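**Student:** any chance you can model this:
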Amino acid sequence: MTVYAYAEATSCVQGGALRFHLARASRAPLRGSVLVEDVAADVAVLDGEFGGPLWTLDVPADLPSSLYRATFTADDDASDDASEVYFAVRAARPRSPILLSIPFPTWQAYNRAGIPGESIYWTEQATRAARVSFDRPGGGPPPERWEEGMLRWLGPAGYDVDHCSGLDLHDGSALLSGYRLLVVNGHDEYWSAGMRDSVEEFVRRGGNLAVFSGNTCWWQFRLEDDGRTMVCYRDAVADPMATVEPGLTTVEWSSAPVNRPENALTGVSFRRGAGTWGPYMKLMHEETYTVRFPEHWAFDGTGLGEGATFGRGALGYETDACDFVEVDGVPVATGRDGTPPSFVILATADLRHWHRYGQGGMATMGVFGLGAGTVFTAATVNWGNTLHDPTVDRITRNVLDRLSRPSAGWEVIGPACSLRALTACGSWLYGVGADGSLYRREVSGQNLRWHRLDSGGGVVAMATPREASTTRPVGLYGLTADDRLVYRDPGPAGAWTVLGEAPSGGVGLALVDGDLWAATADGGLWHLPPETSGWTLVEGEAGAVALTAMNGRLYAADLAGRIRTRLPTTAATGWADLCSAGGCTVLTAHAGRLIGAGAGRPLSWRAPVPDLRIPYGPAAQTDVGP
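**Tutor:** All right, here's what the predicted structure looks like:
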């Protein structure tokens, strides 16, 4: 190119100004034309001229938040060579609940890759640089343009999202507070500690994160010189920070001395992922995902069943994965690699044969809760460039729609099951099926299988105490269809024994501090203290179809399809309406969640709180600032 250009920042707020520095290798005059284009919309927004070493873009206040490209061409350039400078325009005030981050740090890391002393690539070459500057040409998208597909899909698909530079997340708490969902797209490999801290705080406070990216948050880098120098030694021995503040050493996030696996943020890591490079990159177009949890909301509307394949071409050229084991044909995250044990695997791809072409491994698409927020990961670089695939399109819409709105409440944790009683004891769920048998499975967000133990003892409602008392050992307490109160040790060899009589027509049972509470089909709420054998009617219009207890409080699913709650007292008191029952007609509680199921409805859980109205979104944010 005959014009060399760079911008003083990777983003600018609407109504602000962005200055560009221009130079030429020769003594020829610095004059020419500049074309500014909206990359996502593929439209020109300014066609002007420059003259001299500086050119300033005054960003209109109404210019859409997006990724832009400024192209500088010298007047006397017969070769039509040009210099491209990419930058993001941020919204002065959030207009959307969704913020999309552009991975400028990763683009800069690859800038002039392989040129000694000018790039931090390649990893094992001694001539790589440890420090690179943003004050130089380049630093735009790679030839493969991993981010471009989603950027250009969002608008036509009906999503008006705001954009920012990944560097805006470095001290990004104020920026993120205006949004409900942060989207990471394409190949977002390089993260500073500030970026990661801001995003993790955002999610823990109730924001959500959608990672349509692979090799995500793999390397840690530092910023120096007021954010204009990117430092990444890729080697703890060479990095002087290793002996000063080890947690900021510029190595892989999961490596010593940082020891902060990216799994804790994204659920997955390139450590167990796969990669195919160079002449073998084309192999990514042959691979597909396999569905492992078809009932999950991410697959709503896809029509896919368990074991179905989808997303050919999305798995490239690098993928992320978690360590997992197969339990009864269901993948279960082990947590041994730093992945939260709550990570729910939705789809997998076995790419171990890629060891011949780069790195063998897996891809695991999944979702998990981080604090009050939710994280979804597609675990691949090329997701956005396969949005022409109807299934990839549908999954993307499901993720964006659900995570950009207030809490959706109930979340599926297993396929439809016909249960007439349900309780949680220890780390297990116990259910009595419509066939009268007692079943058991682990409490987990993963779609685990139920295993038959033996007879359900005629039980139609169950409960378990939080802890043992002198009169109520830990175990399964039940109401039977013939109006008996029964007990069973939770072990596989347990047997049902009769403890006494029960109110007629029992539909729900709960235990609070040794006291038994029963709901009956005629609307009654009954109480049995541990020191007595006679039940007392507390109220006659409870209207419950299911009953459970947690943390010293009763919860009931009622005939109107609502969850109601009250304190377990014999005094006259009303029930408080809480939330939708989600179609549940059997109910239990465990570790801060209500768990339920209904006829023909999947096993689901939710937090026992009103539908959340988290203060994220455009209404919660004022001006972003310069």
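
**Student:** ok, Leu100 - contacts?
**Tutor:** Going by C-beta atoms under 8 Å, 6 or more residues apart in numbering, Leu100 touches Met150, Leu151, Leu154, Val161, Asp162, His163, Cys164, Leu182, Val183, Asn185. Any C-beta I mention is one placed from the backbone N, CA and C, and that applies to glycine too.

**Student:** pull the contacting residues for the closest residue in space to it that isn't next to it in sequence.
**Tutor:** Leaving aside its sequence neighbours, Leu100 sits nearest to Val183 (C-beta to C-beta, 6 or more residues apart in numbering; 4.4 Å). Contacts for Val183 (C-beta under 8 Å, 6+ apart) come out as Ile98, Leu99, Leu100, Ser101, Met150, Val161, Ala210, Phe212, Leu400.

**Student:** helix or strand for Val183, which one?
**Tutor:** strand 181-186 (DSSP states H and E).

**Student:** parallel or antiparallel, list what pairs with that strand.
**Tutor:** Strand 181-186 has the following sheet partners, assigned by DSSP bridges: strand 98-102 (parallel), strand 208-213 (parallel).

**Student:** how about those in TSV, adding distance to Gly275 and mean pLDDT?
**Tutor:** Shown next, in TSV, are these (distance: least, C-beta to C-beta, whole Å; pLDDT from 0 to 100):
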stretch	distance to Gly275	mean pLDDT
strand 98-102	22	98
strand 208-213	14	98
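
**Student:** need those strands in a markdown table (columns: distance to Ile115).
**Tutor:** Formatted as a markdown table, the strands paired with strand 181-186 follow (distance: least, C-beta to C-beta, whole Å):
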| stretch | distance to Ile115 |
| --- | --- |
| strand 98-102 | 24 |
| strand 208-213 | 26 |
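
**Student:** and of those strands, who's closest to Tyr68?
**Tutor:** Nearest to Tyr68, of all the strands paired with strand 181-186, is strand 98-102, at 10.2 Å by C-beta to C-beta.

**Student:** helix or strand right after that closest one?
**Tutor:** helix 104-110.

**Student:** tell me the helix or strand right after that next one.
**Tutor:** Later in the chain than helix 104-110, the nearest helix or strand by DSSP H and E is strand 131-133.

**Student:** what residues does that following strand touch?
**Tutor:** Under C-beta under 8 Å, 6+ apart, the answer for strand 131-133 is Gln108, Ala109, Asn111, Glu118, Ser119, Ile120, Glu224, Asp225, Arg228, Thr229, Met230, Val231.

**Student:** just the buried members of these?
**Tutor:** Neighbour counting by 16 or more other C-beta atoms under 10 Å classes Gln108, Ala109, Asn111, Glu118, Ser119, Ile120, Met230, Val231 among the contacts of strand 131-133 as buried.

**Student:** who's in contact with the third one?
**Tutor:** Counting by C-beta under 8 Å, 6+ apart, Asn111 touches Glu118, Ser119, Val132, Arg136, Gly138, Gly139.

**Student:** go on, the fourth one?
**Tutor:** Applying C-beta under 8 Å, 6+ apart to Glu118 gives the contacts Asn111, Arg112, Ala129, Val132.

**Student:** ok, what's across the strand from Ile595?
**Tutor:** Counting by DSSP bridges, the residues bridging with Ile595 are Thr588, Trp605.

**Student:** noted, bye for now.
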